[in-house]
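Enquirer: Here is the input, now give the coordinates:
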Amino acid sequence: MNEHNKEYLKFVNDHNPKTKHLATLVRAFFVGGFISCLGQSLYDIYTFLFKSIPDTHIKNIVAISLVLIASILTCIGVYDKIGEFGGAGAIIPITGFANSIISPAIEHRREGIITGLCANMFIIAGPVLVTGIVMSIIIGIVCFIIQGVPAL
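Expert: Numbering: from 1, shown residues only. Alright, predicted model coming up:
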């Protein structure tokens, strides 16, 4: 690394705001915990109301409900404030994924449905999806090679 790069890094480090790690950790913990408690509450309510629906379907309905709630909160500008306050606690759950899809769509809605909403909807979430799918395929192939053909 040359001298100019070292000076630049020192300048950046000196002028970056210092993060209060403990406060950030506590806020992320409580926001993520609240979202988890909301999901568990929805699960309990749906299980009580819809006794005839299988448990796996109820879990899917809870996930859909959380995505819907996060999408609505993103549309009205509330989820961004939650994300600023809670950091990773708001980004990691499925609600953060919904926010990462809806935010670019809202930002580009004036460009039209196809070139605005549809083309820009996965700008943030697209690389995450591709990486997750590719890694799951690679891990599946490795497991297949190690364990052999699963018994049907």
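Enquirer: Quick one: residues contacting residue 92.
Expert: Counting by Cβ atoms under 8 Å, 6 or more residues apart in numbering, residue 92 makes contact with residue 32. For glycine as for every other residue, the C-beta is placed from the backbone atoms N, C-alpha and C.
Enquirer: And the pLDDT for it?
Expert: Looking at residue 92, its pLDDT stands at 82.
Enquirer: Next one: it from residue 34, what distance?
Expert: 13 Å (Cβ to Cβ, to the nearest Å).
Enquirer: could you say what helices and strands the lengthiest helix in the chain packs with?
Expert: Longest helix in the chain by number of residues (criterion: DSSP state H): helix 21-49. In this structure, helix 21-49 packs against helix 55-75, helix 78-86, helix 88-91, with contacts taken as 3 or more Cβ pairs under 8 Å, 6 or more residues apart in numbering; DSSP states H and E.
Enquirer: for those, which one ends up most surrounded?
Expert: helix 88-91 (a mean of 20; mean count of other Cβ atoms under 10 Å).
Enquirer: Which strands or helices does that helix pack on?
Expert: helix 21-49, helix 78-86, helix 94-107.
Enquirer: how does it look with 6 Å?
Expert: helix 21-49 (3 or more Cβ pairs under 6 Å, 6 or more residues apart in numbering; DSSP states H and E).
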